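Colleague: Build me a model from this:
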Amino acid sequence: MDQHTARTGTGPAPSGEAAAGVYHPPPPPTRPIPAALRRLRAIQRPRPRLTGLGTGLLTTLVTVLGGAVDSFLFDGPGVLFGLVFLAASVAGALCVRPYDLVAGPVAAPIAFAVGITLTGDSGGGGLAGHLIGVFTGLATMTGWLYAGTALAALIAGVRALRLPSRRRRSPRSSAARRERSRR
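Modeller: Numbering: from 1, shown residues only. Sure thing, here's the model as predicted:
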């Protein structure tokens, strides 16, 4: 008998609002990504204040320090050097002031070359060995170089597109109605 009442719903009526036939729809699904994006947009970010020279120095200094730590720990620049270079390139492109946006993508390969030169493998010793070690490091780590430079260029490009136009509109192209000139 219990099976019959469970299938047909002819058993005892439940108490409360469900007995009155009130339907409560399930809550709408929450969308975590748009909510997170709204929260990120609401965060007050500091204004970029580094000049072009400051961006170059920041990127180079952080890259050289990362290369020195990588050379000390793992006997030559490798993955840690590449990851630090990527982070320095992104930080340089984000912190440069709008007037000097070009400095972010330009500073990245310079910092990479300086970092490889100062922390790279010395080869067999002497100047010739050091040059061979530098060129070998540049050749084997080009993926990191391209990735860091491309990220800095992408960030600088997006920031440049978001800047308001500084060009003033000429009176000829303004929205005001033009009158005919007198002859």
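
Colleague: wait, is residue 158 part of a strand?
Modeller: No: the assignment for residue 158, made by DSSP: H, G, I helix; E, B strand; the rest coil, is helix rather than a strand.

Colleague: quick one: it from residue 141, how far?
Modeller: Distance, residue 158 to residue 141, by CB to CB, to the nearest Å: 26 Å. All C-beta spots, glycine's among them, are computed from the backbone N, C-alpha and C.

Colleague: The two: who's more crowded?
Modeller: residue 141 (20 against 10; other CB atoms under 10 Å).

Colleague: Reduced to three states, what does the closest residue to that one other than its chain neighbours come out as?
Modeller: Leaving aside its sequence neighbours, residue 141 sits nearest to residue 82 (CB to CB, 6 or more residues apart in numbering; 6.4 Å). The assignment at residue 82 comes out as helix when based on three-state DSSP.

Colleague: distance of residue 82 from residue 120?
Modeller: 13 Å.

Colleague: same question, residue 54
Modeller: Residue 54 sits 25 Å away from residue 120, going by CB to CB.

Colleague: tell me what the helix or strand harbouring residue 146 is packed against?
Modeller: Using DSSP states H and E, residue 146 sits within helix 142-162. Packing partners of helix 142-162 (3 or more CB pairs under 8 Å, 6 or more residues apart in numbering; DSSP states H and E): helix 79-95, helix 103-119.

Colleague: Can you give the contact residues for the first one?
Modeller: Surrounding helix 79-95, the residues in contact under the criterion CB atoms under 8 Å, 6 or more residues apart in numbering are 48-50, 55-56, 58-59, 62-63, 65-67, 69-71, 73-74, 103-105, 107-108, 111-112, 115, 119, 141, 143-145, 147-149, 151-153, 155-156, 159.
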